[in-house]
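Enquirer: Here is a sequence together with a model predicted from it:
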Amino acid sequence: VAKSYRLVNVVGAGSQLQATVEDLSSGQTKRISVGKKLDNWTVKSISLDDGIEFVNDEGETENLNISNGK
């Protein structure tokens, strides 16, 4: 996920957080929330401090946060 997308921002409050990510190859942005799929990854959690935590079907996790895009 970190090789393909960049976290643009996180908006909302409490459990209603949503994140905007940018596809690095196309420049398109997508808004995602907990439970949504992005490629083969599912959004496990979104945090203002920690960014987005993804989990795949094998149980592996990957984080995408603001610092990944810099």
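Expert: Now that the structure is in, tell me what you want to look at. Numbers count the residues shown, from 1 in each chain.
Enquirer: Under the pLDDT cut-off, which ranges of the chain? List them.
Expert: For the chain, applying pLDDT under 70 flags the ranges 67-70.
Enquirer: So which residues of it form strands?
Expert: Using DSSP state E, the strands of the chain run over 5-11, 18-23, 29-33, 37-38, 41-47, 51-56, 61-64.
Enquirer: Which stretch among these is buried most, on average?
Expert: Of all the strands of the chain, strand 51-56 has the most neighbours on average by mean count of other Cβ atoms under 10 Å, namely a mean of 20. Placement of C-beta: from N, CA and C, glycine included.
Enquirer: Report the beta-bridge partner residues of residue 5.
Expert: For residue 5, the beta-bridge partners under DSSP bridges are residue 23.
Enquirer: can you check residue 53 too?
Expert: Beta bridges link residue 53 to residue 45, residue 63, judged by DSSP bridges.
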